[in-house]
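**Student:** got a sequence here, can you build the structure:
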Amino acid sequence: MPDINKAYTWAIQTCASPVVGYSQPYRNAGVVNGITHYDCSSFINYSLINGGFSTPEYAPKYNAFTTYVLQSGYLLTLGFSEVSSSGIILPGDVGLNPGHTEMCYRTGSKAGYGIFMGAHTDNALLPYQVSIGAINGDEHWERHFARIFRYGDGADGAEIYGYSIYVVSAILGNFWQESGINPGIWERLKPGNWTDLRKGFGLGQWTNVLGDTHGRLYQLHKYLSENGYADDSGPGQAKFIVDENLWISINEASDFKDLQSFLNSTSTDIAYLTHAWCAGWEGIHDESWDLRVDYAKRVYDYISEHAQDSSITSWISGNRYISTSEILNNAVLFYREFSAGGGGGGFPTKKKKVMPAWMKIKYHI
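**Tutor:** Presented below is the predicted three-dimensional model:
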């Protein structure tokens, strides 16, 4: 089902990535020297794809749609409606001028204006070719578009979807220690049954404990089966984490009253977040803490550089110890699930682009 929030999130994260640039010859997410490229209309195309919209059949396999296609009214077929360009512009609105298009990041200081984001030009430094605001780095620059398109009722505009790279890295640092970020691995490589006690499985090594044969491991299997996922599905297990909604607010985890409070944290302290997850979700406080933090920092660095890597497409799973490169492959895919709802955007980390903090993004401050 289309979700403008996911499209909006992908756009923000892609603008923030240090390995994204502008190109018309390579506009179809072409990768050259490690840089993924878009032009203005292909940027909108891919944001919508990552929001679950059905864009033209030729996109993205052959080529993304063009600004000309947008001008011919294609957005209307996707559930957008044209609104007054002199009114209040909302986050997620698509602005269209002859020959150029971008998405609104934030409402402007006056009617008819907004801060927009998108693929601007190759006639700028790489950090500002695809960015929020102006090509000189001014992220507060406001502009007017001749036509404005809004998805659905759009009463309040789009909001950020998913969780920050810092939170995701903390979770994955723990999962690296637990399972090697492998959704198909059994504890000690010894396959078991879903009602077995003290036998872990999957990313978080879900286990039935305290004599409950229908505990966390059984509930994981039941959830995956009922929702059409294989038992070793990385995306399915990622979704189960949220639906399971488990949190023990003790020790380092006591700063968060529940799972959602942790997931929505705006902290950038990876060690603190890693410890909190270890106590609040894993229920562990042992000598492996420092190693979990080291893993989390390695994941953070890798995702920072590879969130947009088009060669990373499939989860690696199986009842075996996977390699470090395979672990990091899965880390990127988990990040995409948890941060952009399946999108491939990267959050700012190398300070190549000036971006607001997560709290500012979430509440459009």
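**Student:** OK, contacts around residue 206?
**Tutor:** When contacts are counted by CB atoms under 8 Å, 6 or more residues apart in numbering, residue 206 touches 200, 216-217, 219-220. All C-beta atoms are positioned from the backbone trio N, CA, C, and that covers glycine.
**Student:** who's in contact with the closest residue to residue 172 other than its chain neighbours?
**Tutor:** Excluding the flanking residues, the one nearest residue 172 by CB to CB, 6 or more residues apart in numbering is residue 299, at 4.5 Å. Listed by CB under 8 Å, 6+ apart, the contact set of residue 299 reads 168-169, 172-173, 176, 328, 331.
**Student:** out of those, which sit inside helices?
**Tutor:** 168-169, 172-173, 176, 328, 331 (DSSP state H).
**Student:** of the residues you listed, which pair is most distant in space?
**Tutor:** Distance extremes for the ones in helices among the contacts of residue 299: the farthest pair is 168 and 328 at 13.1 Å, using CB to CB.
**Student:** which one's more surrounded, the two?
**Tutor:** Counted by other CB atoms under 10 Å, residue 168 and residue 328 do not tie: residue 168 has more neighbours, with 26 against 21.
**Student:** so the more buried one makes contact with residue 303?
**Tutor:** Yes: between residue 168 and residue 303 there is a contact under CB atoms under 8 Å: 7.4 Å.
**Student:** who touches both of these two?
**Tutor:** With CB under 8 Å, 6+ apart, residue 168 and residue 303 have common neighbours residue 335.
**Student:** which helices and strands sit right next to the helix or strand containing residue 336?
**Tutor:** Residue 336 is part of helix 324-340 when elements are defined by DSSP states H and E. On a contact count with 3 or more CB pairs under 8 Å, 6 or more residues apart in numbering; DSSP states H and E, helix 324-340 meets helix 4-16, helix 165-179, helix 234-244, helix 289-306.
**Student:** and the ones you listed as TSV, adding distance to residue 26 and mean pLDDT?
**Tutor:** Listed next are those as TSV, based on distance: least, CB to CB, whole Å; pLDDT from 0 to 100:
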stretch	distance to residue 26	mean pLDDT
helix 4-16	15	86
helix 165-179	26	96
helix 234-244	29	93
helix 289-306	18	93
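**Student:** among those, which comes closest to residue 140?
**Tutor:** Within the helices and strands packed on helix 324-340, the stretch nearest residue 140 is helix 4-16; the backing value is 14.1 Å (CB to CB).
**Student:** just the CA trace of that closest one, in CSV.
**Tutor:** C-alpha atoms of helix 4-16 as CSV (Å, rounded to 0.1, in the frame of the first residue of the first chain):
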residue,chain,number,x,y,z
ILE,A,4,3.9,9.0,1.4
ASN,A,5,5.8,8.9,4.8
LYS,A,6,8.1,6.2,3.5
ALA,A,7,8.7,8.1,0.2
TYR,A,8,9.4,11.2,2.2
THR,A,9,11.8,9.4,4.5
TRP,A,10,13.7,7.9,1.6
ALA,A,11,14.0,11.4,0.1
ILE,A,12,15.5,12.8,3.3
GLN,A,13,17.9,10.0,3.8
THR,A,14,19.0,10.0,0.2
CYS,A,15,19.7,13.7,0.4
ALA,A,16,21.7,13.0,3.5
